[in-house]
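*Asks:* I would like the atomic coordinates for the input below:
(2 chains)
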Amino acid sequence: MSEIVRRDPRTEWIARNRLHPEHEAVLAQLNGGAAVAQWMGPNGIIRRNPHAVGFIGPNGIRRIDRSGAQTAHASGSARREAAAVPSRRPVRIDTPAFIVAVMADMPGGRLSAHDRDVLGLARQLADEGGQGAVLLVSFCESREDALGEAGVDRVVNFAGESFEGYAPEQRLTALGGIERQHEPRYWLFPDSPLGGAELGRRLAARLGERPATQVWQIADGQCTGRGAAGTTDVTRKLPRIVLALPECAEPVSETVHAAAPIDPPAALPQPLRRVEDLGAVAVDPAGVALAEAEFILSAGNGIRDWDGFHQAARVLGATEGASRVAVDNGFMPRHRQVGATGTWVTARVYLAVGISGAIQHLQGIQQCDKVIAINTDPGCDMVKRADLSVIADSSEVLAALVEMVEGVRKEQRNAA
Amino acid sequence: MQRDGNGNAATEPSLKVAALVSVGRHPVTGRARRAEYDARAVEIGLSLAKGGDLSLVHAGASSPETEAALRGYLGMGPGAVDVLQQPEGSDVVPALESWLRAAGPRVVLCGARGETGEGSGLVPFILAERLGWSLVSGLAEIESVDRDTMTVLQALPRGQRRRLKVRLPAVVTVDAAAQPARQSAFGPAQRGELHRVASEVVPDAAAREWTVAPARKRPKRLKIVKAASARDRFKAAAAKAEGSGGQVLTGVSAQQGAEAILKLLREEGVLR
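*Replies:* Alright, predicted model coming up:
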């Protein structure tokens, strides 16, 4: 749409002149066909028609929506709407006074919530000491398109075969290269089992620095971290290397940064390779604890064909879960119960079969990323929660799913 | 696989294993006890060194309480613990380093972090760095040990496992993924010996400047709503916590439904 304002002085004049014979028609036209609630009178006074304010709700009662969402159709509102969207303040730091380096875990190529918290902490440290820049070090192909919104000024990406899998020695030499090239004032790591905790401690041992671990607060140049298995708080002067817990700081929310990619240091020394990664091991999904399983197939009252359900779990490689009803009726063991009274699960994908979704059950699956429901009742609470719901008979859908997965596997085997 | 590992260890009686043990603290009663993760490390050591070449070492101040806690490890089977005498507030790493250099074990097992003191979990990392040995964290199981390599399973989050080939000598840390420790028996615990060894004492100067307090409860993170109007803030506060805009497939055949589910499972990458 053109940004140029086209004015029609005659129409405006008619709109101002209440006594003009075409006044009503012009007002209606200006307002997109609806009765106008407010206009400027002939003497420049704002006139209001309270009967034209709002709209008639479903119960026949007049409702007034003051958010502007309803009247946004009025003429010239597109510009107003665009201005109303809260935009982040762009920040560019061309010549930083110092660098705060952050090694993010980035599981699956995306920043985790823990990474964002640590980046928020880095931003805080960079802004406190003047014009500091946050340098993100990552070891995998980034699939994150909004690194700048997490508060990252510079990105160094070490891609390549030697950094893939479990390669702590290679990654450590890469961090050493960053240390020599940029001399960061602080090194921040997420204290997480995904790699940050180990790499941070390795770097600290290599540099001979004493890091602060399990840090959850930084204020006034002092940091507070948990000690002695979480029973004490150790407060000390902020060291150079910090391993921070989740929720150590608020993630960046007001600014957007450049996230400019820069080249990794050129000549990295080849480390002695003492640990060799032989790859992931197939794990029996039934042996994985329910609380930390990645993919859960959960059964409820709607299941009739229990053999089919167990077979589906086996074929899909899912950990089995159950609602309380299925456990109470004796179809599943008690330690498989999901929900507030059972286990709180953190699965990435939760496939609920024949579960209507009691509030206790929905509480238990709060932290799941994707929820899939197979149910015959389209109005149940689980369908409202789910990202994908299939309204069909559960045993048929499971049977079809098993058939498809087995068919694909057979094809792959034949092709190989 | 476990049996294979034991067989290899038995054919090679020279495999020396050391376990670093510390004094733990019971989370409820606060009494001194054997540390949970260290006990798991000793358990792995016992299954690895069937021949009996497992030596335990502890560095720290000695008192009747710590002695009773260390006897908890002796009750699991080993005959003796070397206790490197260190006063309160000293850095145990140099003493452990010189002990390891003298003993020369092929595998050093220890818990991921202590239950008292700083509990930073740094000791194995510093030891491996100074000795120039390999380090593996989060061990789940040792599968087999050869002359200069061993194959281990490393525990990853979400119950996954990774197989690693590690060059010996190696420092290995053990956490909750390893098999639980056996019970400590009273008789062997009383019969076992505590060898007190004099060792060099380096005071931990940095730790003197810290303030240590009982853990405060961490503040709960507030949900910050950035909204322009009062109506948006109200809507955000009153909204039910539920995923909105989910796709609902009604009136589809079982095949179509299964296809849609399979597509989502593939996108998430949970199907192997």
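
*Asks:* switch to C-alpha atoms for all contacts and neighbour counts from now on
*Replies:* Will do.

*Asks:* first-to-last residue distance for stretch A:259-266?
*Replies:* One end of stretch A:259-266 to the other measures 20 Å (Cα to Cα, to the nearest Å).

*Asks:* try stretch A:297-311
*Replies:* 11 Å.

*Asks:* pLDDT below threshold where in the stretch 1-150 of chain B?
*Replies:* Scanning the stretch 1-150 of chain B for pLDDT under 70 picks out the ranges B:1-14, B:51-52.

*Asks:* what's opposite residue B:193 in the beta bridge?
*Replies:* For residue B:193, the beta-bridge partners are residue B:80 (DSSP bridges).

*Asks:* how much space separates it from residue B:187?
*Replies:* In terms of Cα to Cα, residue B:193 sits 12 Å off from residue B:187.

*Asks:* cool, residue A:376 as well?
*Replies:* 62 Å.

*Asks:* give me the more crowded residue out of those two.
*Replies:* A side-by-side neighbour count of residue A:376 and residue B:187, using other Cα atoms under 10 Å in any protein chain shown, places residue A:376 first with 20 against 10.

*Asks:* so that one touches residue A:392, yeah?
*Replies:* Yes. Counting by Cα atoms under 8 Å, residue A:376 touches residue A:392, with 5.2 Å between them.

*Asks:* what's near enough to touch the closest residue to residue B:90 other than its chain neighbours?
*Replies:* In space, and not counting its chain neighbours, residue B:90 is closest to residue B:203: 4.1 Å by Cα to Cα, 6 or more residues apart in numbering or on different chains. Each residue near residue B:203 by Cα atoms under 8 Å, 6 or more residues apart in numbering or on different chains is listed here: B:89, B:90, B:91.

*Asks:* among these, who's most crowded?
*Replies:* residue B:91 (21 neighbours).

*Asks:* quick one: the helices in the chain?
*Replies:* Since no chain was named, I'll use chain A. A:9-16, A:23-30, A:77-84, A:113-128, A:168-182, A:196-207, A:306-316, A:324-328, A:359-364, A:381-385, A:394-415 (DSSP state H).

*Asks:* actually chain B
*Replies:* Using DSSP H, helices in chain B cover B:2-11, B:36-48, B:64-74, B:93-103, B:123-131, B:186-191, B:230-238, B:254-268.

*Asks:* any chance of JSON lines for these, columns distance to chain A?
*Replies:* Converted to JSON lines, these look like this (distance: least, Cα to the nearest Cα, whole Å):
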{"stretch": "helix B:2-11", "distance to chain A": "15"}
{"stretch": "helix B:36-48", "distance to chain A": "11"}
{"stretch": "helix B:64-74", "distance to chain A": "16"}
{"stretch": "helix B:93-103", "distance to chain A": "12"}
{"stretch": "helix B:123-131", "distance to chain A": "5"}
{"stretch": "helix B:186-191", "distance to chain A": "25"}
{"stretch": "helix B:230-238", "distance to chain A": "6"}
{"stretch": "helix B:254-268", "distance to chain A": "5"}
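
*Asks:* deepest-packed of the ones you listed, please.
*Replies:* By mean neighbour count, with neighbours taken as mean count of other Cα atoms under 10 Å in any protein chain shown, helix B:36-48 ranks first of those at a mean of 25.

*Asks:* outside of that helix itself, list whatever touches it.
*Replies:* B:5-6, B:9, B:17-22, B:24, B:52, B:54, B:73, B:76-78, B:109-113, B:141-142, B:173-176, B:178-182.

*Asks:* from the residues you listed, list just the buried residues.
*Replies:* B:5-6, B:9, B:17-22, B:24, B:52, B:54, B:73, B:76-78, B:109-113, B:141-142, B:173-175, B:178-179, B:181 (16 or more other Cα atoms under 10 Å in any protein chain shown).
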